[in-house]
Each structure stands twice: as C-alpha cells, then as structure tokens.
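J.: here is the input, now give the coordinates:
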Amino acid sequence: MTKRFINEIEKLQTKVLQLTAMVEGNLQKAVKAVSDFDMSLAKEVIEYDRQIDIFEVEVEEECLKILALHQPVATDLRYVVAVLKINNDLERIGDLAVNIAKRTISIQRHNNVIIPFDLSEMLVLTVNLVKNSINSLITNDTAMAKQVCADDDAIDDLHKNAITILKEKIKEDPQLIDLYISLLNVSRNLERIADHATNIAEDVIYNIDGEIVRHKVNEL
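T.: Residues are numbered from 1 along each chain as shown. A predicted model of the protein is given here:
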C-alpha cells in the first residue's frame, strides 16, 4: 500500500465525515422548521442543499479516482464501494430534508394548524436513526448498525398510523385536503429518510464484515 494511496483514503474519510455533518445539520434544521413552523429556517434548509449536492459530487469523484488509479482490493475495495453507496444515501437524506422544509412552508399557510398524529415522536426517532447510522459509520460499530436496521420498524409503524389518521381527516374535512396531504408528505419523507439511514447501516456492516445484509434485516 503506497503512501499516496493511504493519503487519498484518509482524504476520502475526511470528506465523508464532512458530508455527514452537513446532512445531519440540515436535517436537524428541517425538523426544527416543521416543529416550530419556522419559515426562515425552512428557507435556509432549501438554500443550503446546494452545498450538500456539490460536496456529494466531490466525494463521488474521490471514490472514482481511487478506483481508477489504485485498483484497491479486499477491505480497501469494500470500503470505497461502501462509501459510494453511503454517499448516495446521504445526498438523498439531504433532498428529503428539503422536501420537509418545502412542506413546512405549505403547512404554515393554514391558520391554527393542529397535527392529528404523533409527528413529534416520528421526528425524534428519525433524527436518532440518522445519527446512529452515522455514528456507526464513524466508529465502525456493527452492533449499532444492526440496531438501526431493527429500529426502522418503529418509524414504519408510525407512518402507517399517520396514513390511517389522515385518510379519516380528509373524509371528515375535505376543505383541508391540502394541509393533510402536506402532513402526509412530511410523514412519508421521514419514513424514507429512515430507510436511507438503514441503507447506511447495512453498508457499514458490509464494510466491516463483508456481509450483505439488506435482504436479511429481520435476522439481525
């Protein structure tokens, strides 16, 4: 293993950590925006996503450069492949945070909004899932990664419950259909963010153990 290769792997690791911090920070802002109906914060989330997109491209380019110039094998190859996949999931989490911010703006247009399902619990669980998936990546902790995969079910259940409640609300008060659809989209985006966090956790397990677990989540 050459010194240049080691330096480039370390550079890639640094960039991935920077991207994870950017994505997690923007998600936290999106969650606060929808919790507090904070329009200025929602707009900040939307505007910052451009920086995340630029950084995601830089990480991908670093991965491709390492593959092309050094042709890594074994654990090094596994690491670069895992980073390529994780990079894509981080970018998608960033996009979904923007979607939440945009829906916040739509929701805020309605006066005296009452959210008929437990959005606050869903927000907390989703953010924790993302944080834990990122922490498992940083610390190479397969036990934490496996727990992320297991915890995803709770968010799926909350999303299903939100769908049921919002369908009934639309029937009861069709004049507020725009509001309820916006709330449904927030719930859906949170559920999808949790899925991407699970993908990251699965790739952490692959990177460490060389095991592909995405079709064996229930066995973890």
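
J.: buried stuff in the helix or strand harbouring Asn99?
T.: Element membership for Asn99 (DSSP states H and E) is helix 74-108. For helix 74-108, the neighbour count (16 or more other Cβ atoms under 10 Å) marks 76, 78-108 as buried. C-beta coordinates here come from the backbone N, C-alpha and C atoms, glycine included.

J.: stretch 82-95: how far from the chain's middle?
T.: Counting by Cα atoms, centre = their mean, to the nearest Å, stretch 82-95 is centred 8 Å from the centre of its parent chain.

J.: contacts for that stretch next, please.
T.: With Cβ atoms under 8 Å, 6 or more residues apart in numbering as the test, stretch 82-95 has contacts from 12, 16, 19-20, 22-23, 26-27, 49, 52-53, 56, 59-60, 63, 130, 137, 192-193, 196-197, 199-200, 203-204, 206-207.

J.: grab the nearest non-local neighbour of Phe156.
T.: One correction, residue 156 is Asp, not Phe. Computed as Cβ to Cβ, 6 or more residues apart in numbering, the closest residue to Asp156 that is not its neighbour in sequence is Glu191, at 6.4 Å.

J.: now do Arg188
T.: Leaving aside its chain neighbours, Arg188 sits nearest to His159 (6.8 Å; criterion: Cβ to Cβ, 6+ apart).

J.: please tell me how far Thr2 sits from Glu8.
T.: Using Cβ to Cβ, to the nearest Å, one gets 9 Å for the distance from Thr2 to Glu8.

J.: can you check Asn26 too?
T.: 27 Å.

J.: more neighbours: these two, which one.
T.: Asn26 (23 against 19; other Cβ atoms under 10 Å).

J.: the more buried one against Glu47, yeah?
T.: No: counting by Cβ atoms under 8 Å, Glu47 is not a contact partner of Asn26; they are 10.0 Å apart.

J.: so where is this structure shaky, pLDDT-wise?
T.: 1, 215-220 (pLDDT under 70).

J.: quick one on the thing from earlier: my guess is the residue nearest to Arg188 contacts Asn189. True?
T.: No: His159 lies out of contact with Asn189 (Cβ under 8 Å); the separation is 9.8 Å.

J.: neighbour count winner among these two?
T.: For His159 versus Asn189, neighbours defined as other Cβ under 10 Å are more numerous around Asn189 (24 against 21).

J.: contact partners for that one?
T.: Taking Cβ under 8 Å, 6+ apart, we find Asn189 in contact with Leu96, Ala97, Asn99, Ile100, Arg103.

J.: please point out which parts of the stretch of helix or strand Val31 belongs to sit buried.
T.: Per DSSP H and E, Val31 falls inside helix 3-36. Under the neighbour-count criterion of 16+ other Cβ under 10 Å, helix 3-36 has 8-9, 12, 15-16, 19-20, 22-24, 26-34 buried.

J.: how about stretch 171-187?
T.: Across stretch 171-187, burial judged by 16+ other Cβ under 10 Å covers Leu179, Tyr180, Ser182, Leu183, Leu184, Asn185, Val186, Ser187.
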